[in-house]
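1. Got a predicted model here, sequence first, then my questions.
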Amino acid sequence: MPNQIPAPGTKIQRTFFRTLVWTLPVHVLMATSIAGGSAALYSTFISGYGAWATVGGWSLTALYVIVALLGGALAGLLDAARQTMERAELALREWLHTVPAIGTAEAATGRDISTVRHEYEAIVDQCVTQIADRLRLPRWLEKLLRTALQREVVDRFIASCTGRGIQFVAPQEFRNWLLAEGVSLGFLPVHDQLSGWRYLILGSLGLLAVIALALALFTT
């Protein structure tokens, strides 16, 4: 197996930072406009109820803006990470197509399925390490990807072989299975978690905006 994932990773590394530069301000602007704007509307409505009401209203607006800034920034980071993982999956597939077999020539005849777990886990771990280095992933995202790939890819491959009654596997069979379904199974949990966290944050900010609008409606 080659020691390095070739050129596509470099392109993805640049794309990640470009994506982050684009998604971060978009999410922050959207979050502050919706949540902060709703709170500002509420503060405007209660400004005629006295000085304390005005101070309380604009303090709430400031709190909303701070929460929106933090939530928007985090949502933008998660969106950039999600898009980067999508491109990383495509690049990994392209790379696997260029590799005729995974393993050494002497192992091409096949090995007992019970003895390959550690070897294939090491292959997956090496791939994740190289991807993380090229994309400069934060440690939490690298750990998330590593855990998902180790659990889903290797375990599913061994379970698939066992279910079909296969006792001996050649290195190229692991590569072919990765291309057929293993890569998708490994990246899917990461895509789902990143998207889920992003939608949870945006949904929470939207709920805050609805609460502020409801308060403004009741005060009128």
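-> Received, thanks.
2. Can you give me the neighbour number for the closest residue to residue 93 other than its chain neighbours?
-> Sequence neighbours aside, residue 183 is the residue nearest to residue 93 in space, at 5.9 Å (criterion: CB to CB, 6 or more residues apart in numbering). The way it works is simple: take the backbone N, C-alpha and C, and place the C-beta from them, glycine included. Applying other CB atoms under 10 Å, we find 21 residues neighbouring residue 183.
3. residue boundaries of the helices in the protein?
-> Counting by DSSP state H, the chain has helices at residues 8-31, 37-46, 51-98, 117-135, 139-149, 155-163, 171-177, 183-219.
4. Please produce CSV containing those helices, extended by mean pLDDT.
-> Shown next, in CSV, are those (pLDDT from 0 to 100):
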stretch, mean pLDDT
helix 8-31, 77
helix 37-46, 84
helix 51-98, 86
helix 117-135, 79
helix 139-149, 82
helix 155-163, 84
helix 171-177, 79
helix 183-219, 89
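5. Throw the ones you listed into TSV and include distance to residue 111, thanks.
-> Formatted as TSV, the helices of the chain follow (distance: least, CB to CB, whole Å):
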stretch	distance to residue 111
helix 8-31	29
helix 37-46	62
helix 51-98	20
helix 117-135	8
helix 139-149	21
helix 155-163	11
helix 171-177	8
helix 183-219	22
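6. quick one on the thing from earlier: the residue nearest to residue 93 against residue 91, yeah?
-> No. Here residue 183 does not reach residue 91: they are 10.4 Å apart, not a contact under CB atoms under 8 Å.
7. most remote residue from the protein's center?
-> In terms of distance from the mean C-alpha position of the chain, residue 50 ranks first, at 47.2 Å (CA atoms, centre = their mean).
8. And it, how close does it get to residue 138?
-> As judged by CB to CB, to the nearest Å, residue 50 and residue 138 stand 47 Å apart.
9. can you check residue 88 too?
-> Between residue 88 and residue 138 the distance is 14 Å, computed by CB to CB.
10. now swap in residue 181 and tell me
-> 28 Å.
11. repeat for residue 158
-> Here residue 158 is placed at a distance of 30 Å from residue 138 (CB to CB).
12. Residue 28 too?
-> To residue 138, residue 28 is 18 Å away according to CB to CB.
13. the more surrounded of those two?
-> It is residue 28, of residue 28 and residue 138, that has more neighbours when counted by other CB under 10 Å, with 19 against 12.
14. how many neighbours does the closest residue to residue 206 other than its chain neighbours have?
-> The shortest distance from residue 206 to any non-neighbouring residue, by CB to CB, 6+ apart, is to residue 34 (6.8 Å). Applying other CB under 10 Å, we find 21 residues neighbouring residue 34.
15. Same question for residue 49.
-> Applying other CB under 10 Å, we find 12 residues neighbouring residue 49.
16. How about the one 10 residues further on?
-> Look at residue 59: counted by other CB under 10 Å, it has 12 neighbours.
17. next one: residue 215
-> 18.
18. residues contacting it?
-> residue 42 (CB atoms under 8 Å, 6 or more residues apart in numbering).
19. and with 10 Å instead?
-> For residue 215, the contacting residues are 38, 39, 41, 42, 43, 45, 46, 57, 60, by CB atoms under 10 Å, 6 or more residues apart in numbering.
20. can you check residue 158 too?
-> Going by CB under 10 Å, 6+ apart, the list of residues near residue 158 reads 113, 114, 116, 117, 120, 166, 169, 174.
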